[in-house]
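Enquirer: what follows is a protein structure lacking sequence information:
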């Protein structure tokens, strides 16, 4: 039909006859009625845009939200415990000294009442390794030696300050008797500040006499509000000591007997308190 229609149009254009134009009109009318009968609209809509072979998906638009700044995680710092201040350890000196008198008795304890140990001579240079609390007696030995003894500090020219020496136990080199027991009957009676210490005598065998002070009383007495170590020698079986008030701790004494081999074990008693 399309070929026939094209031919009619060509003839009408060449001949320009009325009958040919009428044929074209009738042909178009028949064509329209046929299209309607077949279910096609008489006027075709304008073609739409060629669809994409793939489903059209709208491109989402994104709004960039500000990035939240993370809060720093809290760090738990442990509370430091109270640290005590370090206690400083005193540093003591070892000095040297020269013996001044022609001869000096060096003893087993810091006092003239203690047993003689050996003698020192004028000009001897010794190490000074310790002292009693007040520094009146010093512990000496040969340089590099290990056999110390006690001597009166006034009898040595000491090179240095005696109070820089370490305080030493008065019994650091004590000689003890292997043959005799401790004294018996040790007691103390107070009369004000005066305290009388008494004990039973030490009976020695022949030849065991030390030929020195037979009894030593080591006393810790209250003086000026402090307990002060003071040794005493006694030839009798009693001794009177002065003990002042004002100390928080009780005063006490230790009593020993002497024989040529050494001292008996000491007996300790507390002094009677003030009433």
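Expert: That came in fine, so what should we check first? Just so it is clear, the model here is predicted, and its values are computed rather than measured.
Enquirer: which residues touch residue 150?
Expert: The neighbours of residue 150, taking CB atoms under 8 Å, 6 or more residues apart in numbering as the test, are 106-111, 114, 137-140, 173. In this view, the C-beta of every residue, glycine as well, is placed from N, C-alpha and C.
Enquirer: need the pLDDT of residue 90.
Expert: Predicted confidence (pLDDT) for residue 90: 78.
Enquirer: Provide a list of residues in contact with residue 225.
Expert: Residues in contact with residue 225, defined by CB under 8 Å, 6+ apart, are 246-247.
Enquirer: ok, it to residue 254 distance?
Expert: Counting by CB to CB, to the nearest Å, the gap between residue 225 and residue 254 amounts to 22 Å.
Enquirer: ok, now residue 104?
Expert: For residue 104, the distance to residue 254 equals 26 Å [CB to CB].
Enquirer: low-scoring stretches of this structure, by residue?
Expert: 1-88 (pLDDT under 70).
Enquirer: can I see the domain layout of this protein?
Expert: The chain breaks down into these domains under automatic domain parsing: 2-29, 95-164, 187-270.
Enquirer: how far does the second one stretch from one end to the other?
Expert: Between the opening and closing residues of domain 95-164 lies a distance of 9 Å (CA to CA, to the nearest Å).
Enquirer: turn the contacts of residue 150 into CSV, including distance to residue 98.
Expert: Supplementary listing: the contacts of residue 150 in CSV, determined by distance: CB to CB, whole Å:
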residue, distance to residue 98
106, 14
107, 19
108, 23
109, 23
110, 20
111, 22
114, 23
137, 17
138, 13
139, 16
140, 11
173, 22
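Enquirer: out of those residues, who's nearest residue 193?
Expert: Distance to residue 193, by CB to CB, is smallest for residue 111 among those, at 22.2 Å.
Enquirer: and the closest one, how far from residue 244?
Expert: Using CB to CB, one obtains 21 Å as the distance from residue 111 to residue 244.
Enquirer: same thing with residue 198?
Expert: If you measure residue 198 against residue 244 using CB to CB, the figure is 21 Å.
Enquirer: re the thing from before, of residue 111 and residue 244, who's got more company?
Expert: Neighbour count, other CB atoms under 10 Å: between residue 111 and residue 244, residue 111 has more, with 20 against 15.
Enquirer: contacting residues for the more buried one?
Expert: 137, 150, 231, 233.
Enquirer: mind redoing it with 7 Å?
Expert: 137, 231 (CB atoms under 7 Å, 6 or more residues apart in numbering).
Enquirer: give me the secondary structure label for it.
Expert: Each residue gets one of three states, and residue 111 gets coil by DSSP: H, G, I helix; E, B strand; the rest coil.
Enquirer: which residues of this protein fall in helices?
Expert: Ranges of helices in the chain, per DSSP state H, are 2-15, 18-37.
Enquirer: surely residue 239 and residue 217 touch.
Expert: Yes. Under the criterion of CB atoms under 7 Å, residue 239 is in contact with residue 217, at a separation of 5.2 Å.
Enquirer: intersection of neighbour lists for the two?
Expert: When contacts are counted by CB under 7 Å, 6+ apart, residue 239 and residue 217 have 197, 232 as shared neighbours.
Enquirer: what does stretch 169-185 rub up against?
Expert: Outside stretch 169-185, the residues that touch it by CB under 7 Å, 6+ apart are 108-110, 115, 132, 148-149, 199-200, 202, 218, 255, 257, 259, 261-267.
Enquirer: now do the same end-to-end measure for stretch 174-189.
Expert: Between the opening and closing residues of stretch 174-189 there is a gap of 28 Å (CA to CA).
Enquirer: no more questions from me, cheers.
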